[in-house]
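In: generate a structure from the sequence data that follows.
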Amino acid sequence: MTQSITATTIARLRDMIVHGEFAPGEHLVESTLATRLGASRTPVRAALAAAHQSGLLEHTAHRGYVVRAFDLEEFVDAYEARGLLEGAICRKVAENGLSVQAETRMRGAIERVNQLLAANETVDGLVRDRWRDLNEQFHGELLTELGETSLVRLLRNLRESALIAPVVATYDRELLETYNAQHEQILECLIRRQGQRAEYLMREHVLLAAERTAATIEADQRASGSGRAVSS
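Out: Here you go, the predicted model:
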């Protein structure tokens, strides 16, 4: 039970950091987090240490744990790496042949995004959160399909970083429609075993997300006159 509580607390704190619930440079107080997470200090302490180890937090002697701020160059480098890794994973999945089960789940995620957008004229927080879940399902199927290879482990490690979270970007209906159309194109290439084409489309898909998010970060920095954390 204790291990389960600790694992849950670690996952919840990571999600809170990645999804921008704390400002860059914000000091995370153990007692305050324990109340917010509904956990004792022991699992919270473990969660802070895990977030620090994964690079989401910095630790100083005087302030303790603070949310790390990333510069734009680090963000761009991380997304380029993600594009290369996820593109290569796409190619291998296509060459190996996509399973019927994975195809069904990926197509289901695409269809549910279409239904979500059809039912909502504007992209509010609830729509964005639901889209994020469906987007994660689509991309997660690729990792599950290939298995625990070196490529998958590298991508999982990269995605643990706040640099890869998509929360910073400004979402609108047109952008989400574009992302979903790209998912459809990628899926068709996977089904047809067009490995090189699938790799190219996935890299372009990731780079579009990077460009949109980078533009949001730059606009925010100009408005505030300071840097901010880059959240996948």
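
In: reduced to three states, what does the residue nearest to G97 when sequence neighbours are not counted come out as?
Out: Excluding the flanking residues, the one nearest G97 by Cβ to Cβ, 6 or more residues apart in numbering is R193, at 6.3 Å. Any C-beta I mention is one placed from the backbone N, CA and C, and that applies to glycine too. Under DSSP: H, G, I helix; E, B strand; the rest coil, R193 falls in the coil class.

In: can you show me the strands along the chain?
Out: 57-60, 64-67 (DSSP state E).

In: what about the last one, distance to the chain center?
Out: The offset between the C-alpha centroid of strand 64-67 and the centroid of the whole chain comes to 21 Å, using Cα atoms, centre = their mean, to the nearest Å.

In: in it, which residues are buried?
Out: Neighbour counts over strand 64-67 (16 or more other Cβ atoms under 10 Å) mark Y65, V66, V67 as buried.

In: ok, those residues vs R212, which is closest?
Out: When the buried residues of strand 64-67 are compared for distance to R212 (Cβ to Cβ), V67 wins out at 22.7 Å.

In: distance of the closest one relative to A23?
Out: According to Cβ to Cβ, to the nearest Å, V67 and A23 sit 7 Å apart.

In: with E73 instead?
Out: With the distance defined as Cβ to Cβ, E73 ends up 21 Å from A23.

In: these two - which one has more neighbours?
Out: Neighbour count, other Cβ atoms under 10 Å: between E73 and A23, A23 has more, with 12 against 8.

In: how about low-confidence regions in this protein?
Out: For the chain, applying pLDDT under 70 flags the ranges 1-2, 19, 160-170, 217, 220-232.

In: quick check: most distant residue from the centroid of it.
Out: Distance from the centre of the chain peaks at H62, with 31.1 Å (Cα atoms, centre = their mean).

In: over to that residue: give its phi and psi.
Out: Torsion angles at H62 (phi, psi; degrees, to the nearest 10) stand at phi -90, psi -40.

In: show me what contacts the residue nearest to G97?
Out: A94, E95, G97 (Cβ atoms under 8 Å, 6 or more residues apart in numbering).

In: is it true that L176 touches W131?
Out: Yes. If you go by Cβ atoms under 8 Å, L176 and W131 touch, sitting 5.7 Å apart.

In: and A102, how many neighbours?
Out: A102 - counted by other Cβ under 10 Å - has 16 other residues nearby.

In: so it touches G147, yeah?
Out: No. Contact status for A102 versus G147: not in contact, 11.8 Å apart, counting by Cβ under 8 Å.

In: where's the residue farthest from the centre of the chain relative to H27, distance?
Out: 10 Å.

In: swap in L117?
Out: L117 sits 39 Å away from H27, taking Cβ to Cβ as the criterion.

In: show me where the protein has its helices.
Out: Using DSSP state H, the helices assigned to the chain run over residues 2-18, 30-37, 41-53, 72-96, 100-119, 125-146, 150-159, 173-191, 195-224.

In: hmm, back to that, could you single out the nearest of the contacts of R193 to L37?
Out: A94 (40.9 Å).

In: give me the number of residues near the closest one?
Out: 23.

In: show me the contacts for it.
Out: Counted by Cβ under 8 Å, 6+ apart, A94 has contacts C189, L190, R192, R193, Q194, G195, A198, E199.

In: now these: which count as buried?
Out: Taking 16+ other Cβ under 10 Å as the criterion, what is buried in the contacts of A94 is C189, L190, Q194, G195, A198, E199.

In: which of those residues sit farthest apart?
Out: L190 and E199, at 10.5 Å, using Cβ to Cβ across the buried ones among the contacts of A94.
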